[in-house]
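Kindly generate the corresponding structure for this input.
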Amino acid sequence: EVQLVESGGGLVQAGGSLRLSCAASGFTFGESPIGWFRQAPGKKREGISCTRSREGDENRPFYADSVKGRFTISSDNAKNTVYLEMDNLKPEDSGVYYCTVPCEGWNMRWGQGTQVTVSS
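Numbers count the residues shown, from 1 in each chain. Here you go, the predicted structure:
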C-alpha cells in the first residue's frame, strides 16, 4: 500500500524558511515522480513542484511560477524521502501542503498534509 507522510510544517515569519519532508513507502522509490501541492482556505489546490519536469526529466524539476527561485525540491533515495526547502516565505504561501505520487494523473496518491502558516 502506498503511503506518504508529510512533516515539517509550522508557523514562521515572512522571510523565513521551512523544510518539508515526505516519507514514502509502498512503491519503488524513484520510479515515479513525487510532487508537492498546497491548498489555502477558499482557494484551489495548486501544484507547486515535482521531482521531474512535465517531460519526465529528473534533472529539471518542475516549479510553479509562484514558488520558482524560492523553493527547492530534492530526494534522498536512501531514506525514501522527498524534501521541499522553502525560503523567503510569504504570507500567501500559507496553506496545507501535500505530497503526491505521481505528480499528475488518475492514480495519484496523497499524503495527509502538513500545515504551513507564514505570518506577516
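
where does the most centrally placed residue in the chain land on pLDDT?
Residue closest to the average C-alpha location in the chain (CA atoms, centre = their mean): residue 36, at 2.6 Å. Looking at residue 36, its pLDDT is 98.

what do you get for residue 71?
Taking residue 71 on its own, its pLDDT is 98.

got it, and residue 41?
87.

for it, what are its contacts?
residue 95 (CB atoms under 8 Å, 6 or more residues apart in numbering). Every residue, glycine included, has its C-beta placed from N, CA and C.

Let me know the distance separating the closest residue to the residue nearest to the centre of the chain other than its chain neighbours from residue 93.
Distances taken as CB to CB, 6 or more residues apart in numbering put residue 49 closest to residue 36, at 4.6 Å, once the chain neighbours are dropped. Distance of residue 49 to residue 93, given as CB to CB, to the nearest Å: 12 Å.

overlap in contacts of the two?
Shared contacts of residue 49 and residue 93 (CB under 8 Å, 6+ apart): residue 67.

Doesn't residue 53 lie inside a strand?
No: assigned with DSSP: H, G, I helix; E, B strand; the rest coil, residue 53 falls outside any strand and is coil.

Share the number of residues neighbouring the nearest residue to it once chain neighbours are set aside, please.
The shortest distance from residue 53 to any non-neighbouring residue, by CB to CB, 6+ apart, is to residue 60 (4.2 Å). Residues within reach of residue 60, counting by other CB atoms under 10 Å, total 11.
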